[in-house]
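[1] Can you look at this prediction? I've put the sequence above it.
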Amino acid sequence: MLIFKEDQSGNGNLFITTREGDGFETPIELEETINSKNHEISATISADGNTIIFASDRKGGRGGTDLYISKKLPIGGWGPSKTIGPLVNTEFDEDFPNLSPDGKILYFSSKGHVSMGGYDIFKAEWNGETKHYGNVRSIGYPINTPYDDMNFRVSDNGRYSYLAAIRQEGQGDMDIYRVIFNKIEPNYTVISGYIKTDDTNNRAEDAFLSITDIKTGDIVGDYLPNLRNMKYVMILPPGEYNLYIEAAGFHSVSEDINILDKSSFTSEMLKNFTLKKL
């Protein structure tokens, strides 16, 4: 995790910390190859931990805040920072860099390029031949607006993104919004288990399972267990559901199931049920 801190004189620097168990280690200030006497405002680190891209208003830039890149050295530590190049940086402010999970797309906020007004969100593609980010394009409307739109981040599966933005319907100043890209399918979770009974002489062979979406009230699916071993299998996208099981001669069972997404996603879930005889 990268952290921005200001000292008593108002100078802003970047710190780094890594997760240990359920928490994080004490943040360590990054080297002078990244931090300067000016402001290093925001940063992103690649998934492999070998590249940091950050925003700074140091001297020598094209104007305002520019983006810089630093690579981890083979012997440890961070190498000299270099400007990310004139294809991305303009004479206006570039800020809030964020790399896609695969590192091929750099998202950033800019007041330059073809902005609709204030900060807009742009993306630059990695060119394997030139070894630079280029082909800068605006994310476009409705993500970009005439107001400030910044700090765009993409989830691992690319279905969700998050940004800080000013919207008329917001609660005031910058609010956090989530974007869902419907063309990208969500991760599905396989739920399976066995339907048992507390009566060793009888199986619930006519057991019937029904799944309902709690938010909409719609029935998502009906399922029957395999009569050979009484195992059931169902596949569900992220959401909140109610699982209802009924069988003649046994008490029905109702249980809410929460299928998580993003970093909490699990591909499989095992749930066994024991029906009690009436």
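    Thanks, I have it. Note that the structure is a prediction, hence the values are computed from the model and not measured. Numbers count the residues shown, from 1 in each chain.
[2] which residue ranges form the strands in the stretch 51-200 of the chain?
    Taking DSSP state E, counting those that start in this stretch, the strands of the stretch 51-200 of the chain run over residues 51-56, 66-71, 82-83, 94-99, 105-110, 120-127, 132-138, 149-154, 160-165, 175-180, 189-197.
[3] Quick one: closest of these to residue 205.
    Among those, strand 189-197 comes nearest to residue 205, with 9.4 Å by Cβ to Cβ. C-beta here means a position set from N, CA and C on the backbone, and glycine is covered the same way.
[4] Any buried residues in the closest one, and which?
    For strand 189-197, a neighbour-count test (16 or more other Cβ atoms under 10 Å) marks 189, 191, 193, 195, 197 as buried.
[5] which residues sit against that strand?
    203-204, 207, 209, 225, 229-238, 245, 247, 250, 257, 259, 265-277 (Cβ atoms under 8 Å, 6 or more residues apart in numbering).
[6] are any of those buried, and which?
    Members of the contacts of strand 189-197 classed as buried by 16+ other Cβ under 10 Å are 203-204, 207, 209, 225, 230, 232, 234, 236, 238, 245, 247, 250, 257, 259, 265, 273, 275.
[7] tilt between the helix or strand harbouring residue 243 and strand 189-197?
    Using DSSP states H and E, residue 243 sits in strand 239-246. Angle of strand 239-246 versus strand 189-197, following axes from the mean of the first three to the mean of the last three Cα atoms, to 10 degrees, is 20 degrees.
[8] strand partners of the helix or strand following strand 239-246, parallel vs antiparallel please.
    Note on strand 239-246: by DSSP H and E, the next helix or strand toward the C-terminus is strand 253-259. The strands beside strand 253-259 in its sheet (DSSP bridges) come out as strand 239-246 (antiparallel).
[9] C-alpha coordinates for the strand it pairs with, PDB please?
    Only the C-alpha atoms of strand 239-246 are listed here, as PDB (Å, rounded to 0.1, in the frame of the first residue of the first chain):
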ATOM      1  CA  GLY A 239     -25.700 -11.100  -4.800                       C
ATOM      2  CA  GLU A 240     -27.900 -11.800  -1.800                       C
ATOM      3  CA  TYR A 241     -30.100 -14.800  -2.000                       C
ATOM      4  CA  ASN A 242     -32.500 -16.900   0.000                       C
ATOM      5  CA  LEU A 243     -32.200 -20.700  -0.300                       C
ATOM      6  CA  TYR A 244     -35.500 -22.600   0.500                       C
ATOM      7  CA  ILE A 245     -35.600 -26.400   0.800                       C
ATOM      8  CA  GLU A 246     -38.800 -28.400   1.200                       C
END
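[10] What lies in contact with that strand?
    With contact meaning Cβ under 8 Å, 6+ apart, strand 239-246 is reached by 195, 207-215, 220, 252-259, 271, 273, 275.
[11] low-scoring stretches of the stretch 101-250 of the chain, by residue?
    For the stretch 101-250 of the chain, applying pLDDT under 70 flags no range at all.
[12] How is this protein divided into domains?
    As given by automatic domain parsing, the domain ranges for the chain are 2-180, 189-275.
[13] Kindly compare burial across those domains and name the winner.
    Burial of those is given as mean neighbour count (mean count of other Cβ atoms under 10 Å); domain 2-180 ranks first at a mean of 16.
[14] what's the first-to-last distance across it?
    Terminal residues of domain 2-180 are spaced 25 Å apart (Cα to Cα, to the nearest Å).
[15] quick one: residue 103 and residue 45 touch, right?
    No: Residue 103 lies out of contact with residue 45 (Cβ atoms under 8 Å); the separation is 10.2 Å.
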